[in-house]
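Colleague: Sequence and predicted structure, then a few things I'm wondering about:
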Amino acid sequence: MSSQITEIRVLSSEELIQQQAVQPILPPKYCVRCRKIIPVDMRYRRSKKYKGLVCQRCDSALWRSKGYAFELDFCRRLKKLGYGADRIPTSGGGGTSLPDVIVNHYEKGIRLAFELKLLNANAHKSWMVYAWKKDKKGKLKPSQLVKAVQYLQNHMSKGDMCKAGAAIKFVLGERVKSPIIVKLFDVTKDMKLKDVPDLPFDISDSSDMPELTAQTLSKRSRKIRKVRKDMTFERNKLKIVKTYEPSK
Ligand SMILES: [Zn+2]
C-alpha cells in the first residue's frame, strides 16, 4: 500500500452510499457446523463432509475429538495385541506428570508410556517430537515424552523392561486409513530427564511396533511411504557422490 492516511473522518451517508456502489460490501460467511458468522480475521476451510465452510473454532473442536478417538483406538489396538492399555484423560493440562497412554504386558514384563500426536499428513509428512519445549516466556517445559519417562521411573519394578516413546497418526483424509508410526527408547531408573531424546518422525519411517503399524497401512499409505523412502534413498546417494568429488 503506497497511499498514506492524511486525515481520519467519519464519512457522511451520501459518501458511504457512493463508496459502497463502487466497492460493494461482501455478504458475511457462515459456518455450516455452528451456523455462526465467520469473523473476517478467522481462518476457515471448505469441508467435503459438511458440504461448506467450517470455521476455525469448529475445526479445532473437530480435531480435538479426533485426537480423543485416536487415543481410544490406539488402546483398543494394543489390547487386541495382548497388552493392557489405558489413556489418561487429564494428561494434557495441569501440573501432572502423566503421559497420554500407559501400557503394560504382564507375561513379557514390558511397561510402556506414550505421547500421542495426531498430524494432518496433507500438511506434514514429517514431525519432530521434542522432549523439552520452550513456552512463551522462553522457559523450558517438559513434554508428554518427559512425563512418560517420569511415570515409568516412578512405577517400574526390578526386572521390568521399560520403554517410553511417541505414536503419531498421519491423518490422510476422510475415509482413508491413516498410518500410525511408533518410536520407543529404553528407560532406566537412573536416566536423567534432561537426556530424554527428541524423536524425529517421518511417514516413511519403520515403526518400533510393526505389528500395530501393519494394521493401519492402507494401499495409499504404502505408496506414499515407498515414494518417500525412494526420495530419501536418492538424496542420500547424492550426498555420497558429493563427498567423493575432488576438491580444488
Ligand atoms: Zn463453526
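Modeller: Yep, that arrived.

Colleague: CA atoms of stretch 173-183 as CSV?
Modeller: The C-alpha trace of stretch 173-183 is given here as CSV (Å, rounded to 0.1, in the frame of the first residue of the first chain):
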residue,chain,number,x,y,z
GLY,A,173,-8.2,-37.6,5.0
GLU,A,174,-11.8,-38.6,5.4
ARG,A,175,-12.4,-42.3,4.8
VAL,A,176,-8.7,-43.0,4.2
LYS,A,177,-6.9,-45.3,6.6
SER,A,178,-4.1,-43.4,8.4
PRO,A,179,-0.8,-45.0,9.3
ILE,A,180,0.3,-45.0,13.0
ILE,A,181,4.1,-44.9,13.5
VAL,A,182,5.6,-45.8,16.9
LYS,A,183,9.0,-44.9,18.2
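
Colleague: now the helices for the chain?
Modeller: 13-22, 56-80, 144-155, 210-215, 219-243 (DSSP state H).

Colleague: now the last one, how far from the centre of its chain.
Modeller: Its chain's C-alpha centre lies 23 Å from the corresponding centre of helix 219-243 when counted by C-alpha atoms, centre = their mean, to the nearest Å.

Colleague: same deal with the fourth one?
Modeller: Distance, stretch centre to chain centre, for helix 210-215: 19 Å (C-alpha atoms, centre = their mean).

Colleague: cool, the third one as well?
Modeller: Relative to its chain's centre, helix 144-155 lies at 20 Å (C-alpha atoms, centre = their mean).

Colleague: List the buried residues in that helix.
Modeller: Buried residues in helix 144-155, counted by 16 or more other C-beta atoms under 10 Å: Gln144, Leu145, Val146, Lys147, Ala148, Val149, Gln150, Tyr151, Leu152, Gln153. (C-beta placed from N, C-alpha, C; glycine too.)
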